[in-house]
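# next one to model:
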Amino acid sequence: MKFQHKKSNKHKGSVLIVTLLIGVILGILMGSYLVMVKTQHFSVTRARAWNNAIVVAEAGVEDAMAHINCTNTIGGKWSTLGSGTYWKTNAYLGYYVQFQVPPAVTNLYPVITAISYVPGPIGTPVISRTVRVKTTPITATFASGAMVVSDYVSFKGFGITTDSFQSTNLTLFPGGIYNKTNAMDHGDVSSTSSIANKVNVQNAKVHGTLHTAPGQTAIAGSGGSVGDNAWVNGGKTGIEAGHAVADATQTFPDATLPDTGAVAWKILTPANGGLGFTTNGVTYKYVVNAVSPWKIANLDGSVYVVGTGDH
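Below is the predicted model of the structure:
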């Protein structure tokens, strides 16, 4: 007698089901991981946009402040919303901000409202933040001039001169660059020290005014000259009437070096190996530019700043 044995396919079916279950579990795990990565990326991107929005709003406040302080009024490129409220739109780094200045109570303290609009993550609405600032008049006084110190000023030697220029006056200073021919007489020198004889111009030529602390006086040598352009350029010596005033009542905290991060300070040394840099008939001992942050231990000579804007 011959027996036949039929093999069962139940085991094959069980393996297929287990394989499918493992595949489903792995798919769920992979999908969960992708969802988690997407959520994390979305959160980081939105946080970055949220932070950018406050920076853009603050830039709008600064812009509004610049217009208020520059013209002491609102107008020009500003648009009116009626009832004395003005607004303007500016773009910063691809974003934009709307800021407005409503009429102030007593017309002395404008309130600036800056609303920033920054693109959010893909598929989400624009992120907006609002900054509201109430302005107040500046009550502090600041010493003006080419040199303001808290201790001793002494101009030793000959050929020392202070004057001034206005880079926005392109008629007198083409290209916004200083020239000696049209130099102005606001090169004031000021010392806030309460100790006597802390301002001594000796033989220097100061196109401007000397400022000392109340009760103190300034000294000029036999060859020194202090006054307006007509006085100094006319060859007169001594201090012109009204150009030595005891009004330096300001106080200044010690300066601290700013944080440059990983950028190392560049030590400032005399230009051209000590020969200096000459331009427009004026020789400067030092030359600086915007390549890196500059640092000098003892400022003992004139400095020429290479670049656009004020010098």
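
# beta partners for Tyr117?
Here Tyr117 sits in beta bridges with Tyr96, Ser128, going by DSSP bridges.

# what about the stretch 1-150 of the chain, any weak spots by pLDDT?
Scanning the stretch 1-150 of the chain for pLDDT under 70 picks out 1-13, 69-78, 81-84, 92-109, 123, 137-144.

# what about the helices in it?
Using DSSP state H, counting those that start in this stretch, the helices of the stretch 1-150 of the chain run over 10-71.

# how does this protein divide into domains?
Using automatic domain parsing, the domain ranges for the chain come out as 42-134, 140-255, 266-305.

# buried set for the shortest one?
Read it as domain 266-305. Neighbour counts over domain 266-305 (16 or more other C-beta atoms under 10 Å) mark 268, 271, 276-277, 284-288, 294, 303-304 as buried. Backbone N, C-alpha and C define where each C-beta goes, glycine included.

# spatially central, which residue of the chain would that be?
Taking C-alpha atoms, centre = their mean, the centroid of the chain lies closest to Glu62, which sits 10.7 Å from it.

# from Ile68, how far off is that one?
11 Å (C-beta to C-beta, to the nearest Å).

# also Gly242?
Counting by C-beta to C-beta, the gap from Gly242 to Ile68 is 32 Å.

# who has more neighbours, the two?
Ile68 (15 against 9; other C-beta atoms under 10 Å).

# next, count neighbours for the residue lying closest to that one once chain neighbours are set aside.
Among residues not flanking Ile68 along the chain, Pro110 sits closest, at 6.1 Å (C-beta to C-beta, 6 or more residues apart in numbering). Using other C-beta under 10 Å, Pro110 has 21 neighbouring residues.

# swap in the one 5 residues further on?
The local packing count at Ile115 equals 20, with neighbours defined by other C-beta under 10 Å.

# quick one: Leu170 and Asn280, what's the gap?
Taken as C-beta to C-beta, the span from Leu170 to Asn280 is 15 Å.

# same check, this time on His41
Here the criterion is C-beta to C-beta. By it, His41 lies 56 Å from Asn280.

# same thing with Ala297?
Distance from Ala297 to Asn280, by C-beta to C-beta: 28 Å.

# for the domains of the chain, which one sits closest to Leu29?
domain 42-134 (20.3 Å; C-beta to C-beta).

# about what we covered before: hang on, isn't the residue nearest to Ile68 packed against Met65?
No - here Pro110 does not reach Met65: they are 9.3 Å apart, not a contact under C-beta atoms under 8 Å.

# any common contacting residues for the two?
Thr135 (C-beta atoms under 8 Å, 6 or more residues apart in numbering).

# which residues touch Ala204?
Contacts for Ala204 (C-beta under 8 Å, 6+ apart) come out as 155, 160-162, 224-225.

# do you know the pLDDT at it?
pLDDT, Ala204: 89.

# now swap in the one 4 residues further on and tell me
The confidence metric pLDDT takes the value 91 at Gly208.

# please look at it and Val148 and confirm they touch.
No - when contacts are counted by C-beta under 8 Å, Gly208 is not listed as touching Val148 (11.9 Å).

# about what we covered before: how about the contacts of Ala204 in CSV, adding distance to Thr249?
Shown next, in CSV, are those (distance: C-beta to C-beta, whole Å):
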residue, distance to Thr249
Phe155, 23
Ile160, 26
Thr161, 27
Thr162, 21
Gly224, 25
Ser225, 26
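
# state the number of residues packed around Ile184.
Quick fix: residue 184 is Met, not Ile. 17.

# please shift the residue numbers so they start at 54 in all later answers.
Sure, I'll start numbering at 54, so the last one becomes Met237.

# which neighbours do Gly261 and Val201 share?
The contact lists of Gly261 and Val201 share Val242, where a contact means C-beta under 8 Å, 6+ apart.

# list the contacts for the nearest residue to Val341 once chain neighbours are set aside?
Beyond its immediate neighbours in the sequence, the residue positioned closest to Val341 (C-beta to C-beta, 6+ apart) is Trp347, lying 4.9 Å away. By C-beta under 8 Å, 6+ apart, the contact set of Trp347 is 318-321, 341.

# could you single out the nearest of these to Gly268?
Among the contacts of Trp347, and counting by C-beta to C-beta, the member closest to Gly268 is Leu321, at 36.7 Å.

# go ahead and confirm that closest one touches Tyr339.
Yes - assessed by C-beta under 8 Å, Leu321 is found in contact with Tyr339 at 5.5 Å.

# sounds good, over and out.
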